[in-house]
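**Student:** sequence and predicted structure below; questions after.
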Protein chains: 2
Amino acid sequence: MLKVSILTVGDEILIGQIVNSNASWISQKCIETGASIIEHRTVGDVEEEIIQAVYDLQKKSDIVLITGGLGPTIDDLTKPSLTKYFNDELVFDEQVFEWIKDFFFKRGQTEISERNKNLAYVPRSCKPLKNEFGTAPGMLFEQDGKIIVSMPGVPKEMQFIMNQYVLPLIKDKITKENCLTNHYCVLQTCGIPESVIADKLIGIDKEFSDVKIAFLPSYKGVRLRLQTENLPLSIACERIDQIKNVLYKRIGDYIYGEGEISLSEVIGKMLIDRNETVAVAESCTGGLLGSEFTKISGSSKYFIGGIISYSNDVKINTLGVNKNTIDKFGAVSEETAIEMAKNVRILLNTTYGLSITGVAGPTGGTPNKPVGTVWIGFSSPTTTFAKRYQFGGDREINRERSVYSALTLLYFQLKGLSI
Amino acid sequence: MLKVSILTVGDEILIGQIVNSNASWISQKCIETGASIIEHRTVGDVEEEIIQAVYDLQKKSDIVLITGGLGPTIDDLTKPSLTKYFNDELVFDEQVFEWIKDFFFKRGQTEISERNKNLAYVPRSCKPLKNEFGTAPGMLFEQDGKIIVSMPGVPKEMQFIMNQYVLPLIKDKITKENCLTNHYCVLQTCGIPESVIADKLIGIDKEFSDVKIAFLPSYKGVRLRLQTENLPLSIACERIDQIKNVLYKRIGDYIYGEGEISLSEVIGKMLIDRNETVAVAESCTGGLLGSEFTKISGSSKYFIGGIISYSNDVKINTLGVNKNTIDKFGAVSEETAIEMAKNVRILLNTTYGLSITGVAGPTGGTPNKPVGTVWIGFSSPTTTFAKRYQFGGDREINRERSVYSALTLLYFQLKGLSI
């Protein structure tokens, strides 16, 4: 097993001003590459704390990845701390200075301030790593067969150095040393509850006693994490492929993707292949469904637009919902959802129309339509219907679940399956 | 200084499947209460790792807060690890069993499974803490004047135990022991660049040499973090109040709120006070601006709806933008943004109309309108105009910046200030 630990340096993380998304990004990438993550640690911008943490983590890991504390201000203490830790000294590195000058020249600046010039001083024993998206270089140290890499805290800069230098190095080490790995793969499902998946997978644990299956339910659907432990990477990949084949046979209809792909991206590809389009009519989600579609670059090929009909006036005057429908059945009703979906499809001249109308909460609930009641409508040239959902009491979660339920409804229609 | 460290237990965090938002939530709350956070650590579900981490953190902190690993499955190792760490034994606690039964009874279940009954076994030396939102109780230990609290990893359950037991305990300790604190306060600004704020604050560091001002720029605006170090809480609060007064005098026009309030919430309150309404016409943001308005509970009082005019057809046919305008000036232009804002205001019969049209990227840029070019339009009964913004190359960031720039534009108009 190649053991990796992650050290994050910075007061912003420590005081909770920023969530530590760098640690989860690095973890995911290292694990995909075949390494194991044994610890995350965050300390503030304090020299002794940084040195103690590097010491602790180096003892127990093969690779220590450090982010943060590399900027040009006096608050940034990772470089001096590492210089001290390795009993080293800072030297001016001509190559690093070229990188820094190049970075500024490309942005039209020809003068390099003293402060930025200082970034070209690095510990003598390190190998500097080029940072294409910023000025502070990464630094790679080797000591007693252990590797320590220091990277900037800006996600884009850290990710560049990880992709360019660190992940290839990890892959190389794992292959050369034939390391055992804990290997993971994630399958994304939608439209099927955890308990039904469990029923459909009965017996699989006997055939695959060396693969753990974890169920990770969320409002986006249930993610299945398949995991092997302590196997060489090639055998781990083979076992994961075998169990994946069985899973696709048993619950393939519900698996929309692997890894980090989103349902809206999968739907987008299907719509492009079929040369079809979609429009949305949103009430309680207020634009969140349209926003989810248009996150995807190239979505203009199939996402045409929508009506945010938050008030009843907009539902009636702009979207053309019959005033009697709303008066008789209410804005949150099967009938209104159906008219919304159908009318937006016709108004915007698309293949499909999707609508959402519900009580997001925390106020506005009634005994018949408590907070969390949501109707989602679907309309195509051949069929129009709406489905009722009952979510919980949290406004933001209800909105998110509404969006993912609408996407799931569309996905199943596109696959020709009932939900 | 009351030193708090946070230990997160769980493979999901360690392998990057979940971002550690518990750590940042706990940090924020502890700091607001007057404590200092000295370390975040995350380890996997491994007994020796948990024990070693508790040992390390207890040595350097007054309070160790642990989340995760308290569920009923064999993967959950925090309770056995703590039992071992404190040389303790598990005993059946009648009161905890009452809590668990009560939890299930309220949800209509009358049978308590063996697995759930096991949750009533707790280490003899701990004080169990009631968990209103789940079945696993919190556990509080005291040893050598140090406090260790173990809480479930589910955010809602952890937050309940923090609010109910841990934060009052921290407050009490700080008051009784008259601890020195590092105190923070955050002011939120919009519509003013970091460098201009810096110019306007020249000299303030002399008057307030005991207060650090950190600039935290993001696409939502610049946040100012005011921080005192090593002062008793009462004096710290007083100094923060004093510097806040000066800041309001110098840059008050740009400060829209304190702490975690959002700009859309502030705008919502202003619109309610003025009995005014707003509608949106969105192109490249695809509904994200409407979604930001409707995040706020009660937004139906002022947010009426909008048109997501992603395609030119919707701009022309639904929103009534003149086809000649688009043909002559393009969809991303001052003229189109103006017609979008004005037309949506009239169509939806609101006081204000806001529009966004731009090149979100990564494709679609031209020499005259590179990726990141965005026009934002504003229309009221008395004035209509549009403003050009030039953002960068990242699609998601361009969309977010467009939304916050539109909100900022509206905010300044409501305040009667030019931007």
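**Tutor:** All right, it came through fine.

**Student:** give me the phi and psi angles of residue A:388.
**Tutor:** Here is the backbone geometry of residue A:388 (degrees, to the nearest 10): phi -90, psi 140.

**Student:** how about residue A:414?
**Tutor:** phi -60, psi -30.

**Student:** spatially central residue for chain A, please.
**Tutor:** residue A:260 (6.1 Å; Cα atoms, centre = their mean).

**Student:** could you list every residue that touches that one?
**Tutor:** With contact taken as Cβ atoms under 8 Å, 6 or more residues apart in numbering or on different chains, residue A:260 is in contact with A:28, A:186. To be clear about C-beta, it is placed using only N, CA and C from the backbone, and glycine gets the same treatment.

**Student:** let's see that with 6 Å instead.
**Tutor:** The contact partners of residue A:260, by Cβ atoms under 6 Å, 6 or more residues apart in numbering or on different chains, come to none.

**Student:** what parts of the stretch 151-300 of chain A come near chain B?
**Tutor:** Applying Cβ under 6 Å from any Cβ of the partner chain, we find that the stretch 151-300 of chain A lies next to chain B at A:286, A:287, A:288, A:290, A:291, A:294, A:297.

**Student:** rerun that using 7 Å as the cut-off
**Tutor:** A:184, A:216, A:285-291, A:293-295, A:297, A:300 (Cβ under 7 Å from any Cβ of the partner chain).

**Student:** so which of those comes closest to residue B:13?
**Tutor:** Checking these against residue B:13 by Cβ to Cβ gives residue A:216 as the nearest, at 12.4 Å.

**Student:** wait, a strand at that closest one?
**Tutor:** Yes: under DSSP: H, G, I helix; E, B strand; the rest coil, residue A:216 sits within a strand.

**Student:** could you report the neighbour count for the residue lying closest to residue A:10 once chain neighbours are set aside?
**Tutor:** Residue nearest to residue A:10 in three dimensions, not counting chain neighbours: residue A:68, with 4.1 Å by Cβ to Cβ, 6 or more residues apart in numbering or on different chains. Using other Cβ atoms under 10 Å in any protein chain shown, residue A:68 is surrounded by 28 other residues.

**Student:** how about residue A:68, phi and psi?
**Tutor:** phi 90, psi 160.

**Student:** for it, what are its contacts?
**Tutor:** A:8, A:9, A:10, A:78, A:153 (Cβ atoms under 7 Å, 6 or more residues apart in numbering or on different chains).

**Student:** mean confidence score for stretch A:408-419?
**Tutor:** Mean per-residue pLDDT for stretch A:408-419: 93.

**Student:** equivalent analysis for stretch A:102-120, please.
**Tutor:** Across stretch A:102-120, the average pLDDT comes to 84.

**Student:** swap in stretch A:48-64?
**Tutor:** Averaged across stretch A:48-64, the pLDDT comes to 97.

**Student:** and that stretch, which residues are buried?
**Tutor:** Neighbour-count burial for stretch A:48-64, with 16 or more other Cβ atoms under 10 Å in any protein chain shown as criterion, is recorded at A:49-54, A:56-58, A:61-64.

**Student:** ok so, going back, among the residues of the stretch 151-300 of chain A next to chain B, which two are most distant?
**Tutor:** Distance extremes for those: the farthest pair is A:184 and A:286 at 36.1 Å, using Cβ to Cβ.

**Student:** out of these two, which sits in the busier spot?
**Tutor:** A direct count of neighbours by other Cβ under 10 Å for residue A:184 and residue A:286 places residue A:286 higher, at 31 against 22.

**Student:** do a quick rundown of the strands in the stretch 301-419 of chain A.
**Tutor:** A:303-308, A:352-358, A:373-379, A:384-390 (DSSP state E, counting those that start in this stretch).

**Student:** list the pairing partners of the last one within its sheet, with orientation.
**Tutor:** For strand A:384-390, sheet partners with direction are given as strand A:373-379 (antiparallel), following DSSP bridges.

**Student:** residue A:223 is in contact with residue A:185, isn't it?
**Tutor:** No: the criterion here is Cβ atoms under 7 Å, and residue A:223 misses it with residue A:185 at 10.7 Å.

**Student:** looking at those two, which has the bigger crowd around it?
**Tutor:** Regarding residue A:223 and residue A:185, a neighbour count based on other Cβ under 10 Å identifies residue A:185 as having more, with 19 against 15.

**Student:** quick check: mean pLDDT across stretch A:318-338?
**Tutor:** Average pLDDT, stretch A:318-338: 98.

**Student:** which parts of it are buried?
**Tutor:** So, applying 16+ other Cβ under 10 Å, buried residues of stretch A:318-338: A:318-321, A:325-326, A:330-338.

**Student:** greatest separation within those residues: which pair is it?
**Tutor:** Distance extremes for the buried residues of stretch A:318-338: the farthest pair is A:318 and A:334 at 21.0 Å, using Cβ to Cβ.

**Student:** tell me the bridge partners for the residue in the stretch 51-200 of chain A positioned nearest to chain B.
**Tutor:** Among the residues of the stretch 51-200 of chain A, residue A:184 lies closest to chain B, at 6.6 Å counting by Cβ to the nearest Cβ. Beta bridges link residue A:184 to residue A:227, judged by DSSP bridges.

**Student:** same question for residue A:378.
**Tutor:** Going by DSSP bridges, residue A:378 is paired in beta bridges with residue A:354, residue A:385.

**Student:** so what's it up against?
**Tutor:** Residue A:378 neighbours (Cβ under 7 Å, 6+ apart): A:341, A:354, A:384, A:385, A:409, A:410, A:413.

**Student:** if we use 6 Å, what do you get?
**Tutor:** A:341, A:385, A:409.

**Student:** still on that earlier bit, most tightly packed of the strands of the stretch 301-419 of chain A?
**Tutor:** strand A:303-308 (a mean of 32; mean count of other Cβ atoms under 10 Å in any protein chain shown).

**Student:** could you tell me the angle between it and strand B:303-308?
**Tutor:** Put simply, strand A:303-308 runs at 160 degrees to strand B:303-308, going by axes from the mean of the first three to the mean of the last three Cα atoms, to 10 degrees.

**Student:** angle of strand A:303-308 against strand A:352-358?
**Tutor:** If you take the same axes, to 10 degrees, strand A:303-308 sits at 30 degrees to strand A:352-358.

**Student:** distance between strand A:303-308 and the chain's centre?
**Tutor:** Remark: strand A:303-308 is offset 25 Å from the chain centroid, using Cα atoms, centre = their mean, to the nearest Å.

**Student:** neighbouring strands of it in the sheet, and parallel or not?
**Tutor:** Here strand A:303-308 is paired, per DSSP bridges, with strand A:278-282 (parallel), strand B:303-308 (antiparallel).

**Student:** next structured bit after the host helix or strand of residue A:50?
**Tutor:** Using DSSP states H and E, residue A:50 sits within helix A:47-60. Remark: after helix A:47-60, the chain's next helix or strand is strand A:63-67, criterion DSSP H and E.

**Student:** that next one - contacts with which helices or strands?
**Tutor:** strand A:3-9, strand A:146-151 (3 or more Cβ pairs under 6 Å, 6 or more residues apart in numbering or on different chains; DSSP states H and E).

**Student:** so what strands line up beside it?
**Tutor:** Taking DSSP bridges as the criterion, strand A:63-67 forms sheet pairs with strand A:3-9 (parallel), strand A:146-151 (parallel).

**Student:** using TSV, lay out those together with mean pLDDT.
**Tutor:** TSV is the format used below for the strands paired with strand A:63-67 (pLDDT from 0 to 100):
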stretch	mean pLDDT
strand A:3-9	97
strand A:146-151	97
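
**Student:** among these, which comes closest to residue A:227?
**Tutor:** Closest to residue A:227 of the strands paired with strand A:63-67 is strand A:3-9 (Cβ to Cβ; 16.6 Å).

**Student:** what angle do the closest one and helix A:47-60 make?
**Tutor:** 170 degrees.

**Student:** what comes into contact with whichever helix or strand comes after strand A:3-9?
**Tutor:** Using DSSP H and E, the helix or strand that follows strand A:3-9 towards the C-terminus is helix A:11-14. With contacts defined as Cβ under 6 Å, 6+ apart, helix A:11-14 is touched by A:18, A:20, A:42, A:44, A:45, B:37.
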